[in-house]
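Engineer: Build me a model:
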Amino acid sequence: MTQVKRSLIFVLAVLLTVASLHGMAFGAAKYVIKFAHGSEVTEPTHKAALLLAERVAERTNGQVEIQVFPSNQLGSERDIFEACKLNAIQMIYESPGSIGVFQPEVEIFNGPFLWKDWEECKRVMRGPFGQELYAKVLQNHGLRVLDPNWYWGWRHLTTRNTPVRVPEDAKGLKVRSPNIPIFMETLKAIGASPTPIDFGEVYTALQQGVVDGQENPIPTIWAKRFFEVQKYVILTGHMLQSNHVLINERFFQSLPKEFQEILQEETLAAGEYMSALQQQEEEELIAKIEAEGTIIVRDVDREAFRKATEGVYEKFEDNWGRGLYQKLRQAILDAQE
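Structural biologist: You can find the predicted model right below:
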């Protein structure tokens with residue numbers, strides 16, 4: 001079967017799913033936006049998406065309706081990226097690594113020990129370096145980045161039996177990884193054995209011992225209940241992830257200028273709301289996870305992990321383009337001034 005046929009079949013499946021979840025009667029709205037993401041309905045991402053939908057409807061007098069599809073209802077990050085390119089879905093929520101499957105340079109934003117803090121991350125992504133990469137996404141895939149800064153959080157390791165404090169402790173551990181090169185190379189660098197498993201299957205894989213551990217931000221570890229089948233949550237903080245909201249450019253340009261501005265403004269506002277909520281939960285949920293009996297490992301040698309992963313970026317030079325990492329490091333320095 002050709003790629004074109006596969007894409008058409010997937011688009012048809014998306015449309016049928018949309019029809020079953022929301023019905024075919026879309027009401028009086030002149031413009032309907034299907035917004036797909038992978039977070040649970042209890043997570044800040046979904047709350048922010050609902051707020052975005054509410055505010056846009058209010059400001060456009062109901063002429064723009066955003067229908068939110070959480071929990072990978074319309075497919076994985078790769079699936080919805082493809083569907084958004086074809087305008088079967090209009091808006092999507094993606095990690096840099098998933099965007100990097102299609103536009104490799106963007107994957108660099110998921111690199112290990114890259115950012116000092118959230119403000120630094122935002123300045124670089126919204127600055128000239130980030131905008132140059134997002135221009136390529138627009139040119140090559142027809143998707144506009146409305147906001148690159150919906151805070152996903154610091155990613156931490158969890159394990160079934162091993163309290164990892166230094167890279168040597170991770171040697172030989174099978175750790176679930178997204179099927180994204182930067183994640184797998186990072187885990188290899190610390191001595192673990194990365195094992196790609198679909199996100200929806202992670203809990204079962206942990207429960208059955210298919211893998212020894214996984215890595216994700218604290219709110220995800222809580223929402224997906226991974227701590228129930230892991231003895232240790234290890235505060236490695238090896239990645240700070242900022243997820244992106246994208247929209248199909250042809251659809252965006254079909255909106256009146258006023259509605260484009262409203263959608264842009266409210267997406268940024270929803271991102272600020274989501275980011276604040278996610279950061280608050282990051283702090284609160286550690287205590288809740290600990291109260292459930294999971295051991296929080298705080299005395300992690302993060303400098304040892306940082307040094308172990310220094311060589312990861314070199315492995316991607318041919319894929320990203322030589323000199324991109326050095327250019328990013330300069331952008332980070334400029335952002336600190």
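Engineer: all contacts plus neighbour counts: C-alpha atoms, from now on.
Structural biologist: Fine.
Engineer: in the stretch 151-300 of the chain, which spans are strands?
Structural biologist: Along the stretch 151-300 of the chain, counting by DSSP state E, counting those that start in this stretch, strands occupy 174-177, 193-196, 213-217, 232-248, 295-297.
Engineer: Give me the neighbour count for the closest residue to residue 309 other than its chain neighbours.
Structural biologist: In this structure, residue 309 finds its nearest non-sequential neighbour in residue 189, 5.4 Å apart by C-alpha to C-alpha, 6 or more residues apart in numbering. Neighbours of residue 189 under the rule other C-alpha atoms under 10 Å: 21.
Engineer: residues in contact with the residue nearest the centre of the chain?
Structural biologist: When C-alpha atoms, centre = their mean is applied to the chain, the residue found nearest the centroid is residue 95 (2.8 Å). By C-alpha atoms under 8 Å, 6 or more residues apart in numbering, the contact set of residue 95 is 241, 242, 243, 244.
Engineer: same question, residue 182
Structural biologist: By C-alpha under 8 Å, 6+ apart, the contact list for residue 182 reads 97, 107, 108, 110, 111, 312.
Engineer: what residues are up against the fifth one?
Structural biologist: Going back to what we said before, that points to residue 111. By C-alpha under 8 Å, 6+ apart, residue 111 lies in contact with 182, 183, 186, 239, 313.
Engineer: Farthest-apart pair in those residues, please.
Structural biologist: 239 and 313 (13.4 Å; C-alpha to C-alpha).
Engineer: quick one: which of those two has more around it?
Structural biologist: For residue 239 versus residue 313, neighbours defined as other C-alpha under 10 Å are more numerous around residue 239 (22 against 18).
Engineer: Residue ranges in the stretch 51-200 of the chain under the pLDDT threshold?
Structural biologist: Counting by pLDDT under 70, the stretch 51-200 of the chain shows no low-confidence range.
Engineer: Burial check on residue 254, number of neighbours?
Structural biologist: Using other C-alpha under 10 Å, residue 254 has 11 other residues around it.
Engineer: Could you check how far it is from residue 80?
Structural biologist: 20 Å (C-alpha to C-alpha, to the nearest Å).
Engineer: Also residue 284?
Structural biologist: When distance is defined by C-alpha to C-alpha, residue 284 is 31 Å away from residue 80.
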